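**Student:** The following block contains a protein sequence and its predicted model.
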Amino acid sequence: MQLDTLENAYIIVEDGVILEVGMGSRAHLETHSAWAKLGGGSMTSPEIEWIDLNGAEVMPGLVDSHTHIVFAAPRHEEFALRIQGATYEEIAAAGGGILNSAKKLRETTEDQLFEDASKRVQIMMEWGTTTLEIKSGYGLSVESELKMLRVIKRLKQTFPIHIKATFLGAHAFPIEFKQRREDYVDLILRDMLPAVVADELADHIDVFCDEGFFTPEQTEQILMKAQQYGLPAKIHGNELGLTGGVQVGVKMNAWSVDHLEHCSEVEMELFKHSNGHTIPVALPGTSYFLGIPYAPTRKMIDYGLPVALATDFNPGSSPVASLQTVSALACTQMKLMPQEVFHAVTCNAARALRMENEVGCLAAGMSADFLVMKSKDAVKTIPYYLGQNQVQQTYCRGNCVAN
Ligand SMILES: [Zn+2]
């Protein structure tokens, strides 16, 4: 994919949407048709706000297509256990992991969850995220899943960025269903899904299809039902092995299969045959934090797949809020080129949310989501300056939302 850079550029924005991106002086602008259409051609017109960025570089707002930022408590105790050698599976088996988060979430009020998640959204905006997907999945009961989704809805209403909600009731099996997993699948099908749909709380559904979690058959069963309600699918797949997540994802027309730490040529071929319908989303923050393999994204891109990258921001396996950090990991650990990473956190990530006609690039008709950068050549400086925020100001829908 091509990456165009414009010198001496302007962006004309009306009602939060880009009317035109072009090059030229202020004098040129004043005589320009798109400009005239806006307000009679006068720069001094009170309806027109002129913002001079003093030659700073601008790039599209970042798109984070996979996060779990509504959670009750961080899990830094597990972090210390993991350093001593405990595996993800061992921590989960000892009652930690997702189930630990579920227990704490059930005990936390909706207001508190909202307040904590709001702080995380604020940080993400400061680091350039202007489109954000958030999943439920720490509730694991009808009541608590709805509670999480209501918090996400409130975040949508409160923050000026684009937020999408994903129902992830099938994130893990709660302790009380450990010996009767089919009953939990029934609970999702019979009670959770209808309630989520009735309250219009989700834009997509997600299932953790992996070893020890939901089988491909259970995943298909859940996604079939969701299809009847018109909820598009996303999948957590192939984190722990070649466990059929891509197969069921492509079969069920999922918008994305995320994780893919294990992905053979068989899976890559399936992605390819989906013709860009199912986007592979890799989460290098998780591989870094858990010390598990990185998704073979170098191979995937060489294979012609439109790879997207996301933070997977969550308390247990990726306490990473920044797509800039993810970009650095993707370059150094996955051997992606800076330009490939740039596409993976903008336009390809937008495709994983089916928002590619709205966000992820700077062109006429797109939402005016852009970042004013601290340095030139940001595509390269973002992955280069690991841990240093390269964003000076974040604009979403034409308004400055963080600086
Ligand atoms: Zn996840």
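**Tutor:** On my side now, so go ahead. Numbers count the residues shown, from 1 in each chain.
**Student:** Below-threshold pLDDT in this structure: ranges please.
**Tutor:** Across the chain, the ranges flagged by pLDDT under 70 are 1-2, 32-46, 95.
**Student:** If you count residues, where's the longest strand of it?
**Tutor:** In the chain, with assignment by DSSP state E, the single longest strand is strand 162-170.
**Student:** What's the first helix or strand after it?
**Tutor:** Moving toward the C-terminus from strand 162-170, the next helix or strand (DSSP states H and E) is helix 181-187.
**Student:** now for that next one, which elements pack on it?
**Tutor:** helix 216-228 (3 or more Cβ pairs under 8 Å, 6 or more residues apart in numbering; DSSP states H and E). (Each C-beta comes from the backbone N, C-alpha and C, glycine too.)
**Student:** Could you check the angle the helix it packs on makes with strand 162-170?
**Tutor:** 130 degrees (axes from the mean of the first three to the mean of the last three Cα atoms, to 10 degrees).
**Student:** Now do the buried residues in helix 216-228.
**Tutor:** For helix 216-228, a neighbour-count test (16 or more other Cβ atoms under 10 Å) marks 216, 218, 219, 220, 221, 222, 223, 225, 226 as buried.
**Student:** contact partners of it?
**Tutor:** 170, 181, 185, 188-189, 193, 205, 207, 209, 214, 232-233, 235, 243-245, 247-248, 251-252, 254 (Cβ atoms under 8 Å, 6 or more residues apart in numbering).
**Student:** Just the ones of those residues in strands?
**Tutor:** Those of the contacts of helix 216-228 lying in strands (DSSP E): 170, 205, 207, 209, 233, 235.
**Student:** quick revisit: now, of the contacts of helix 216-228, which are buried?
**Tutor:** Of these, these count as buried by 16+ other Cβ under 10 Å: 170, 185, 188-189, 193, 205, 207, 209, 214, 232-233, 235, 243-245, 247-248, 251-252, 254.
**Student:** got the buried residues for the strand or helix carrying residue 29?
**Tutor:** Using DSSP H and E, residue 29 sits in helix 26-30. Neighbour-count burial for helix 26-30 flags residue 29 (criterion: 16+ other Cβ under 10 Å).
**Student:** just how off-centre is it within its chain?
**Tutor:** Counting by Cα atoms, centre = their mean, to the nearest Å, helix 26-30 is centred 38 Å from the centre of its parent chain.
**Student:** same thing with stretch 284-294?
**Tutor:** 17 Å.
**Student:** likewise stretch 312-320?
**Tutor:** Distance, centroid of stretch 312-320 to centroid of chain: 12 Å (Cα atoms, centre = their mean).
**Student:** What lies in contact with that stretch?
**Tutor:** 64, 66-69, 71, 73-75, 78, 88, 91, 96-98, 100-101, 120, 124, 258, 283, 285-286, 288-290, 311, 321, 326.
**Student:** Pull up the distance across that stretch, start to finish.
**Tutor:** 7 Å (Cα to Cα, to the nearest Å).
**Student:** cool, stretch 104-115 as well?
**Tutor:** For stretch 104-115, the end-to-end distance is 15 Å (Cα to Cα).
**Student:** So for that stretch, what gets flagged as buried?
**Tutor:** Within stretch 104-115, the residues scored as buried using 16+ other Cβ under 10 Å are 104, 105, 106, 108, 113, 114.
**Student:** Output those as a markdown table; include the columns secondary structure and distance to residue 279.
**Tutor:** Formatted as a markdown table, the buried residues of stretch 104-115 follow (DSSP: H, G, I helix; E, B strand; the rest coil; distance: Cβ to Cβ, whole Å):
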| residue | secondary structure | distance to residue 279 |
| --- | --- | --- |
| 104 | helix | 32 |
| 105 | helix | 29 |
| 106 | helix | 33 |
| 108 | coil | 33 |
| 113 | helix | 29 |
| 114 | helix | 30 |
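**Student:** Which one of these is nearest to residue 278?
**Tutor:** Set against residue 278, the nearest of the buried residues of stretch 104-115 by Cβ to Cβ is residue 105 (29.7 Å).
**Student:** The closest one against residue 143, yeah?
**Tutor:** No: contact criterion Cβ atoms under 8 Å: residue 105 and residue 143 do not qualify, at 10.8 Å.
**Student:** Contact partners for residue 86?
**Tutor:** Contacts of residue 86 by Cβ under 8 Å, 6+ apart are 78, 94.
**Student:** Just grab the bridge partners of the residue nearest to residue 400 when sequence neighbours are not counted for me.
**Tutor:** The spatially closest residue to residue 400, leaving aside those adjacent along the chain, is residue 393, at 5.5 Å (Cβ to Cβ, 6 or more residues apart in numbering). Per DSSP bridges, the residues bridged to residue 393 are residue 372.
**Student:** doesn't residue 403 make contact with residue 393?
**Tutor:** Yes: look at residue 393 against residue 403 with Cβ under 8 Å: they come within range, at 4.1 Å.
**Student:** who has more neighbours, those two?
**Tutor:** Neighbour comparison, residue 393 and residue 403: the larger count goes to residue 393, with 19 against 11 (by other Cβ atoms under 10 Å).
**Student:** Ramachandran angles for the residue minimising distance to the centre of the chain?
**Tutor:** Geometric centre of the chain, nearest residue: residue 65, 1.8 Å, by Cα atoms, centre = their mean. Residue 65 has phi and psi values of phi -90, psi 0 when expressed as degrees, to the nearest 10.
**Student:** Right, I'll leave it there.
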